[in-house]
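Q: A predicted structure for the sequence below; I have some questions about it.
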Amino acid sequence: MAARPHRSLMIRLLLLTVGWLSVGLGVLGIFLPVLPTTPFLLLAAACFMRSSQRFYLWLTHHRHLGPWIRDYLNGQGIPRRAKAYAIGLMWLSILLSAYLVPVPWVRVLLLISASLVSLYILRLPTLPR
C-alpha cells in the first residue's frame, strides 16, 4: 500500500505523534506480557500512511517490526499464537475491568465490545507456520 499523506499540516503532526507513540507502545509490548504489540504497530502503520511516506516505509520494511505489519496488510493473516495471546489478554483485562467497575451498563458494554473484537480476530486469516 502506498502512503497518502493528509493535506493538513496539523493533522499530519497529530498522526505522526500518535504513530510514534504507537511504535513505542508496540516495542514495549514485545517485552511486557500485558501490552499487545501487533495492534499498536498496525495503528502506527495507519498513522504513518496518512502522515509520512518515509516513516511508513521505514516501519513496514523494518527488519523486526515489518513482517508483523506486512503479513496483515497483504491479507496473509496473523499467527495462531498471536491470536490466542491477543484474545486471552483482552478477555483478562476486560473481565478485570468489568469486575472493578460497579456500573452495570458499562460492564455490558465491555463484554459486548470484547465479544465483537474476539469475533473480528478469529475471522482474520491465520498465518501458516
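A: Ah, there it is. Numbering: from 1, shown residues only.
Q: shaky segments in this structure?
A: The model of the chain has pLDDT under 70 over residues 1-3, 33-34.
Q: can you give the domain ranges for it?
A: For the chain, the domain assignment from automatic domain parsing gives the residue ranges 9-76, 79-127.
Q: need the next SSE after the helix ranked longest in the chain, C-terminal direction.
A: With DSSP state H setting the assignment, residue counts place helix 9-31 as the longest helix in the chain. Past helix 9-31, further along toward the C-terminus, the next helix or strand under DSSP states H and E is helix 38-49.
Q: what helices or strands is that next one leaning on?
A: Helix 38-49 makes packing contacts with helix 9-31, helix 53-60, helix 66-73, helix 80-100 when contacts are defined by 3 or more Cβ pairs under 8 Å, 6 or more residues apart in numbering; DSSP states H and E. No exception for glycine: its C-beta is placed from N, CA and C like everyone else's.
Q: can you put those helices in TSV and add mean neighbour count?
A: TSV is the format used below for those (neighbours: other Cβ atoms under 10 Å):
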stretch	mean neighbour count
helix 9-31	16
helix 53-60	18
helix 66-73	17
helix 80-100	14
